[in-house]
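In: can you look at this prediction? I've put the sequence above it.
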Amino acid sequence: MPVPCFVANWKMNKTISEAAVWLREMEKCQPLLPASGWEAILAAPFTALASISEFLKGSALKIHLAAQNVHFEEKGAFTGEISPLMLHDLGCRYVVIGHSERRLQFWETDLLIRQKIKAAGQAGLVPILCVGETRRERKEGKTIRVIHQQLKKGLRSDDPKSGATPNSRKMILDRFIIAYEPVWAIGTGETPTPSEVETVHREIRKFFKPAMGEKADEIQILYGGSVTEQNIEGFMKEPDVDGVLAGGASLSAETFYKMIDRGIKAKNR
Ligand code: PGA
């Protein structure tokens, strides 16, 4: 069973001093959680990563650091960009890639996302790949097809020698997290039902089976989109929901702590 995983995605929120307040609050709450058997990841804005990394070095706070975006080259003439090497150097272990806000507002394509995933893996970062359908695609019954495409283009090797059939072709890297984030559920207060989420998560796991076999059972598949302390238990009770990626609700340390607490309890019940 994958370890339950809780991601706080702050998006473009929090200055360095606001981040410090959040960390100190989390530090107070965390001893109330079980000592092991879960993990938390904080995807902070670039500007706060260095100070958070420093804070974590001197703290017992159990949270891994993630960036929310990355470039696909190690270095070079890419004004305004941040490389995977730089993130690794800062103490990041993870990086969110392919968030729908980047796909839709910054025209990120599956090809670009794939390059980023590859580069992140090479630099020793674990990508958190976000996939999900738009409202229209959902209405047209295309949810699974869209997600399969995103997974295939983002992660599956295009080298025919890497598998007996196209479906069994290897992934371009071994370690990654998937976040299923229906675009229409992000920041809207609307969500699919837990059983609808479970259906999609099961399909996602099935996608990896031909290439990865039993290893597919270890992939952490998270749900994201208007997760709150009120609705998290419903999602976490589902067998293929291994955690959540929370945006708005993660801005409060107290709420994020409660979500972790309720999420772990729902999983262990
Ligand atoms: P939300 O954001 O929790 O505010 O809906 C989720 C996300 O974008 O990852």
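Out: All right, it came through fine. Just so it is clear, the structure is predicted and the values come from calculations on it, not from any experiment.
In: going forward, measure contacts and count neighbours with C-alpha atoms only.
Out: OK.
In: now do the strands in the stretch 101-250 of the chain.
Out: Taking DSSP state E, counting those that start in this stretch as the criterion, the stretch 101-250 of the chain carries its strands at 126-131, 177-180, 221-224, 243-246.
In: of those strands, which is nearest the ligand?
Out: strand 243-246 (4.1 Å; C-alpha to the nearest ligand atom).
In: you'd agree residue 153 is up against residue 112?
Out: No: using C-alpha atoms under 8 Å, residue 153 is not in contact with residue 112, being 9.8 Å away.
In: adding mean neighbour count, write the strands of the stretch 101-250 of the chain out as TSV.
Out: Listed next are the strands of the stretch 101-250 of the chain as TSV, based on neighbours: other C-alpha atoms under 10 Å:
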stretch	mean neighbour count
strand 126-131	26
strand 177-180	24
strand 221-224	29
strand 243-246	28
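In: now those as TSV including distance to residue 253 and mean pLDDT?
Out: Shown next, in TSV, are the strands of the stretch 101-250 of the chain (distance: least, C-alpha to C-alpha, whole Å; pLDDT from 0 to 100):
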stretch	distance to residue 253	mean pLDDT
strand 126-131	21	98
strand 177-180	21	98
strand 221-224	18	98
strand 243-246	12	98
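In: can you lay out these as TSV showing distance to the ligand?
Out: Formatted as TSV, these follow (distance: least, C-alpha to the nearest ligand atom, whole Å):
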stretch	distance to the ligand
strand 126-131	8
strand 177-180	8
strand 221-224	5
strand 243-246	4
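In: out of those, nearest to residue 81?
Out: strand 126-131 (17.2 Å; C-alpha to C-alpha).
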